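Visitor: Give me the fold of what follows.
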Amino acid sequence: MGFLTIYQDNYTDSTVISNRFIDEYMQAANDAQLKIYLYLIRMMNARLDTSIGTIADKFNYTEKDVVRALEYWERNALLALDYDSQRNIVGIHLLDSGASAPSPVSPTMATYPTVSAPFPSVAAPAPHIAAACPSVNAAVPGQPQIRPFSVEKPNYTADQLRDFKANEDTSRLLFVAEQYLKKPLSANDMRTILFIMDKLGFSEDLTDYLIQYCVDRGKRDLRYIEKVAISWAEQGITTQKQAASLAGKYDKAVYEIMRALGKNNIPTEAEVAYIDRWRKLYGFENDVILTACERTVLATDSHRFEYADSILTSWHKAGVHHKGDIKSLDENHRRSRACRPVPPANKFNQFTQNEYDFDALEKEILSN
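Guide: The predicted structure follows:
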């Protein structure tokens, strides 16, 4: 009896992607990484073979770009790569994002040599960074922590810069950086990028994301980018996913509050803790917070977060929920003051005051 031919009438031509991938991995990945991962899932579901060269041709990437994307997903534990004795990729195992063990997948990959990175990998942060920067998750909720961090920026020689620029793994990054910054990179610019990768332990992917993050916020100055990099290193950021998660905390409203208080820096943990208290614990909308910031800026040039916190705490205790409540509170306060003796003139009398005393507050803050 011969073999039977089996037909499937209910075949669905679709590729299923897990919600966890969409929720936790998609935001941090770049276009190439997303396209290549989705293509691998599609090929696996269809039980079709592919190769690095085929993938590169399909998406108009170089084979090196494909290898980088595969290594990125391997670092994020969504796939595992098989190598031969010459460190050529010979197979891929797509892993279940919620499982601890790999699920075998059998697309045959064309052999292609992997590139050994000369700088610390994203999966293995530089030892001096790991020692100086404990995990962000170790922080006590609601308690701002200042972590000791110190790293010296070397004075890289011309030979070191030449080697850095000539390296295949970084030449693409430097080219992309020039596109982001819309200018040729100077020697000092390259020293900064070398410092970020060499001493702060940033991978190529994380450095690429760092530059794009700053440019998206209108900052193309390498000195600013370096400060952001150091800030991330202080907070233990070692992956693009962690950086994207951190960036998500600092939304547009946070920067609006920072600017309203006359601050243009990346928010510190202490500053974010204040803002989180105003927004999440007190439940104030931004217009209420910005009103407090306006009064703070008029009242003092220093300790502005403490001033604003005192105002907003007072409003919270007084039951303020909306900006209109402030006007009513001020009016009630004016009426109560009309029955009191007029106090001596001071520099705060031109402002509408509530139950808090700016003079006493300033003395208390300065004494701490």
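Visitor: can I see the domain layout of this protein?
Guide: As assigned by automatic domain parsing, the chain contains the domains 19-94, 127-249, 252-367.
Visitor: Could you dump the ones you listed into CSV and include mean pLDDT and mean neighbour count?
Guide: Every C-beta, even on glycine, is put in place using the N, C-alpha and C of the backbone. Shown next, in CSV, are the domains of the chain (pLDDT from 0 to 100; neighbours: other C-beta atoms under 10 Å):
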stretch, mean pLDDT, mean neighbour count
domain 19-94, 83, 16
domain 127-249, 77, 16
domain 252-367, 79, 15
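Visitor: Show the contacting residues for the nearest residue to L194 once chain neighbours are set aside.
Guide: In this structure, L194 finds its nearest non-sequential neighbour in F164, 5.0 Å apart by C-beta to C-beta, 6 or more residues apart in numbering. Applying C-beta atoms under 8 Å, 6 or more residues apart in numbering, we find F164 in contact with 156, 170, 190, 194.
Visitor: So which of those sit within helices?
Guide: Among the contacts of F164, the residues falling in helices (DSSP state H) are 170, 190, 194.
Visitor: Look up the closest residue to the second one, ignoring the ones flanking it.
Guide: The shortest distance from M190 to any non-neighbouring residue, by C-beta to C-beta, 6+ apart, is to L161 (5.3 Å).
Visitor: Repeat that for I225.
Guide: C214 (4.8 Å).
Visitor: Could you report the distance from the residue lying closest to A158 once chain neighbours are set aside to L161?
Guide: Once flanking residues are discounted, A158 sits nearest to A187: 7.6 Å by C-beta to C-beta, 6+ apart. From A187 across to L161, the span is 6 Å (C-beta to C-beta, to the nearest Å).
Visitor: so which helix or strand takes in the residue nearest to L194?
Guide: Assignment of secondary structure by DSSP states H and E places F164 within helix 158-166.
Visitor: would TSV of the contacts of F164 with distance to I89 be doable?
Guide: Listed next are the contacts of F164 as TSV, based on distance: C-beta to C-beta, whole Å:
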residue	distance to I89
Y156	33
T170	21
M190	31
L194	28
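Visitor: Skip the chain neighbours and tell me the closest residue to the spatially most central residue of the chain.
Guide: Centroid check for the chain by C-alpha atoms, centre = their mean gives A243 as the closest residue, at 2.7 Å. What sits nearest to A243 in space, not counting adjacent residues and going by C-beta to C-beta, 6+ apart, is I237, at 5.2 Å.
Visitor: do L34 as well
Guide: Using C-beta to C-beta, 6+ apart and skipping the chain neighbours, the partner closest in space to L34 is M26 (6.6 Å).
Visitor: I'd like to know how far that neighbour sits from R20.
Guide: Remark: distance between M26 and R20 (C-beta to C-beta) = 10 Å.
Visitor: Please apply the same query to D65.
Guide: Between D65 and R20 the distance is 25 Å, computed by C-beta to C-beta.
Visitor: now Y255
Guide: 30 Å.
Visitor: for L81, helix, strand, or coil?
Guide: State at L81, reduced to three classes by DSSP: H, G, I helix; E, B strand; the rest coil: strand.
Visitor: quick one: it and N88 touch, right?
Guide: No. Contact between L81 and N88 fails when scored by C-beta atoms under 8 Å: they sit 10.1 Å apart.
Visitor: packing partners for the helix or strand harbouring T54?
Guide: Using DSSP H and E, T54 maps to helix 52-59. When contacts are defined as 3 or more C-beta pairs under 8 Å, 6 or more residues apart in numbering; DSSP states H and E, helix 52-59 sits against helix 31-45, helix 63-75.
Visitor: between that helix and helix 31-45, how many degrees?
Guide: 120 degrees (axes from the mean of the first three to the mean of the last three C-alpha atoms, to 10 degrees).
Visitor: pretty sure V90 is touching S51, no?
Guide: No. Here V90 does not reach S51: they are 11.0 Å apart, not a contact under C-beta under 8 Å.
Visitor: any idea how far K58 is from T291?
Guide: Distance of T291 to K58, computed by C-beta to C-beta: 55 Å.
Visitor: I meant R295, not that one.
Guide: Distance of R295 to K58, computed by C-beta to C-beta: 59 Å.
Visitor: How about L290, nearest residue that isn't a chain neighbour?
Guide: L290 sits nearest to A260 (C-beta to C-beta, 6+ apart), 5.1 Å away.
Visitor: Unless I'm misreading it, that neighbour sits right up against L298, doesn't it?
Guide: No. Here A260 lies out of contact with L298, judged by C-beta under 8 Å, at a distance of 11.6 Å.
Visitor: Please, where are all the strands along the protein?
Guide: All strands of the chain, identified by DSSP state E, fall at 79-83, 89-94.
Visitor: out of those strands, which comes closest to R304?
Guide: Nearest to R304 among those is strand 79-83 (48.4 Å), distances taken as C-beta to C-beta.
Visitor: ok and the closest one relative to helix 63-75, angle-wise?
Guide: For strand 79-83 against helix 63-75, the angle by the same axes, to 10 degrees is 120 degrees.
Visitor: angle of strand 79-83 against strand 89-94?
Guide: Using the same axes, to 10 degrees: strand 79-83 against strand 89-94 is 160 degrees.
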